[in-house]
Every structure is written in structure tokens, then in C-alpha cells.
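Engineer: Quick one, structure for this:
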Amino acid sequence: MFSKAHYLLQFRFLVFASNRQFWKDAASRVAATCSTICPNQAEILRETGIESPTNSSELLKKWGCTENDLLNIFSRHPTLRNAQVPPLSSKLELLSSLGITSSDLVKMINCRPRLLSCRINNCFHERLEFFRTLFGSGEVLRKAIVRNPSLLTYDFHDKIKPVIATYEEMGVSGNDLTTMLISRPTMIARTSFNEEKMEFIKKTGVSKGSKMYKYVVALIGISRVETIQEKVANLEKFGCSEDERLAQASKKKVVNIGFPF
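Structural biologist: Residues are numbered from 1 along each chain as shown. Predicted structure coming up:
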């Protein structure tokens with residue numbers, strides 16, 4: 001008869017042997033897995049490393065920029081040379097979705113040098129949907145953005161939407177509004193209306209149905225009250241009353257000659 005101590009010793013031996021075999025088998029499985037997967041992953045990473053741009057210059061070249069384009073871009077925004085590739089790549093992809101080309105980008109950077117340092121991804125899709133509805137087509141929107149890149153950086157909810165809504169409430173909408181936005185790139189940034197400006201618009205005598213209405217409203221909207229008053233005061237010295245001069249504005253092609261006051 002074997003003692004309890006003998007059985008207990010055998011039991012411990014079996015458990016130890018079983019555990020040892022388990023870890024041995026597990027180690028073999030892990031080694032086998034690494035031997036079949038890891039080399040492939042490493043190869044993929046090496047291939048990706050070769051194909052992927054390592055700096056902003058390579059990324060912009062891959063995006064379509066020529067050496068001359070890079071010279072113009074970096075001369076306007078030198079720190080862009082040191083930009084991190086992933087964020088810059090993401091922004092370029094957004095611009096591509098708008099149909100922006102490398103030559104367009106050069107014009108945009110020349111107009112707004114730090115464009116690619118701004119968070120143009122903020123509200124991007126909501127902004128894009130809004131502008132596509134406003135401008136009516138992707139091509140017109142592209143032209144508007146190339147002419148005024150700040151459309152991608154203005155605060156969407158606190159600046160763009162309120163200004164557009166104000167003009168629409170005043171009767172300037174559709175093609176009239178988009179025409180003014182393209183011809184007057186600073187329109188959104190500089191627009192403000194108050195009682196004095198509304199009174200100036202009334203004194204011009206221009207009706208909402210007139211072709212000149214959108215020009216008069218936009219030009220008064222982007223001008224400071226002090227500037228309008230100064231121009232009117234200068235003209236009054238030559239015998240023109242304020243009402244007469246404002247009325248004359250409706251008969252002139254103010255879009256070509258600048259602010260008529």
C-alpha cells in the first residue's frame with residue numbers, strides 16, 4: 001500500500017509535467033506564428049517606407065507640385081518645409097476633394113501663406129455641403145476658394161453662415177450673392193450692417209429688383225460708416241447733397257469704379 005504522501009508526490013509531478021508541456025507547445029506555436037507573419041509585415045513596412053513621402057517636399061511633389069511650385073510655396077511659407085507629413089497629407093486630400101490642383105495651391109498660398117497651417121479640417125464636410133449648395137456647382141466653388149482661400153478658414157458657424165443669412169434676408173441671394181462673393185473676396189470678413197448703413201441703402205433709391213442692388217448692398221456692407229460719411233462730406237463741398245450723391249450711386253457701375261462715395 002502506498003502512502004498518501006506517495007500519491008501526493010505523483011500528482012504534483014504530473015501537474016508539473018503537464019504545465020511544462022503546455023508552455024513548450026505554446027512557445028512553439030508563437031514561434032511558428034512569428035516565423036510566418038512577422039517577415040511579411042516587415043516587408044510591407046519596408047515597402048511602405050520606400051513609397052511614402054518622408055518630408056513635405058516629397059509629399060507636395062507626389063501631390064503634383066513642380067520644383068517651381070515648391071519654390072513659390074516655400075518662399076511664401078518657409079516653415080512648411082518642416083511640416084509633419086501625416087497632417088499635411090490629410091489637408092492635401094481635403095483640397096483634392098475640392099478639385100484643387102497644384103497650380104491652384106500656389107495661388108492660394110500666395111494669397112494666404114499659412115493656409116496649410118490652419119485647421120481647414122474643422123467642420124470641413126459641413127462647410128463643403130453648405131458651399132456646394134450656395135455656389136451651385138463644384139467648379140464655381142473651386143474658383144471661389146482659389147480666389148479666396150479664407151473660405152476654408154473663416155469660422156463657419158459664427159462668421160460665414162450669419163453673413164450669408166444677412167445678405168439673403170436683404171434680398172441678395174442665389175447667383176447675385178455668389179457673384180459678389182467671388183468678385184469681393186473680403187466680403188465675408190468685412191461685412192457689417194447697422195441702422196446708418198441701412199439708411200444709406202434706402203437713400204440710394206435702388207430697388208431690390210435692380211441689377212445694381214447687389215453691388216450697392218455689398219459695397220455699403222463692407223465699408224465703414226466713417227468712410228461713407230467722409231466721401232459724402234467731400235462731395236457736399238462741391239454742391240452735391242448726401243441724398244443726391246447716394247442717388248447717383250444707383251446709376252453708376254460701382255463694381256468697376258470702386259466705392260462711389
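
Engineer: List the buried residues in stretch 67-77.
Structural biologist: Within stretch 67-77, the residues that count as buried by 16 or more other CB atoms under 10 Å are 69-70, 72-74, 76-77. Every C-beta, even on glycine, is put in place using the N, C-alpha and C of the backbone.

Engineer: which residues touch it?
Structural biologist: For stretch 67-77, the surrounding residues in contact (CB atoms under 8 Å, 6 or more residues apart in numbering) are 57, 60-61, 65, 80-81, 102-103, 105-106, 109-110, 113-114, 116-117.

Engineer: For those, which entry has the maximal number of neighbours?
Structural biologist: Neighbour tally across those (other CB atoms under 10 Å): the maximum, 25 neighbours, falls on Leu60.

Engineer: Contact partners for that residue?
Structural biologist: For Leu60, the contacting residues are 69-70, 73, 92, 102, by CB under 8 Å, 6+ apart.

Engineer: in the stretch 1-150 of the chain, which spans are helices?
Structural biologist: Secondary structure of the stretch 1-150 of the chain (DSSP state H, counting those that start in this stretch): helices located at 4-51, 56-63, 67-76, 85-97, 102-111, 124-135, 138-147.

Engineer: Give me the distance from the last one to the chain's centre.
Structural biologist: Meaning helix 138-147. How far helix 138-147 lies from its chain's middle: 12 Å, per CA atoms, centre = their mean, to the nearest Å.

Engineer: how about the helix or strand following it: buried residues?
Structural biologist: Once the chain leaves helix 138-147, the next helix or strand it forms, by DSSP states H and E, is helix 161-169. Buried positions in helix 161-169, judged by neighbour count with 16+ other CB under 10 Å: 163-164, 167.

Engineer: remind me which residues of the stretch 101-250 of the chain are low pLDDT?
Structural biologist: Within the stretch 101-250 of the chain, the segments meeting pLDDT under 70 span 235-250.

Engineer: domains of this structure?
Structural biologist: 54-118, 121-238 (the TED database).

Engineer: tell me how far the ends of the shortest one are from each other?
Structural biologist: Length of domain 54-118, first residue to last, CA to CA, to the nearest Å: 21 Å.

Engineer: again with stretch 209-227
Structural biologist: Span of stretch 209-227 from end to end, CA to CA: 27 Å.

Engineer: picking up where we left off before, let me know the closest of the buried residues of helix 161-169 to Thr133.
Structural biologist: Nearest to Thr133 out of the buried residues of helix 161-169 is Ile164 (CB to CB; 10.5 Å).

Engineer: Could you find the closest non-adjacent residue to that closest one?
Structural biologist: Leu134 (6.8 Å; CB to CB, 6 or more residues apart in numbering).

Engineer: Identify the residues contacting the one you found.
Structural biologist: Contacts for Leu134 (CB under 8 Å, 6+ apart) come out as 164, 177-178.

Engineer: Apart from its neighbours in sequence, what residue is nearest Gly136?
Structural biologist: Leaving aside its chain neighbours, Gly136 sits nearest to Thr178 (7.1 Å; criterion: CB to CB, 6+ apart).

Engineer: for that neighbour, helix, strand, or coil?
Structural biologist: Under DSSP: H, G, I helix; E, B strand; the rest coil, the three-state class of Thr178 is helix.

Engineer: how deep is it tucked in, by neighbour count?
Structural biologist: For Thr178, using other CB under 10 Å, the count is 19.

Engineer: That one and Arg132 touch, don't they?
Structural biologist: No - in this structure, Thr178 is not within contact of Arg132 by CB atoms under 8 Å, at 11.4 Å.

Engineer: What is the three-state secondary structure of Asn175?
Structural biologist: Asn175 ends up helix, using three-state DSSP.

Engineer: how far does stretch 112-127 sit from the chain's center?
Structural biologist: Centroid displacement of stretch 112-127 relative to its chain, using CA atoms, centre = their mean, is 3 Å.
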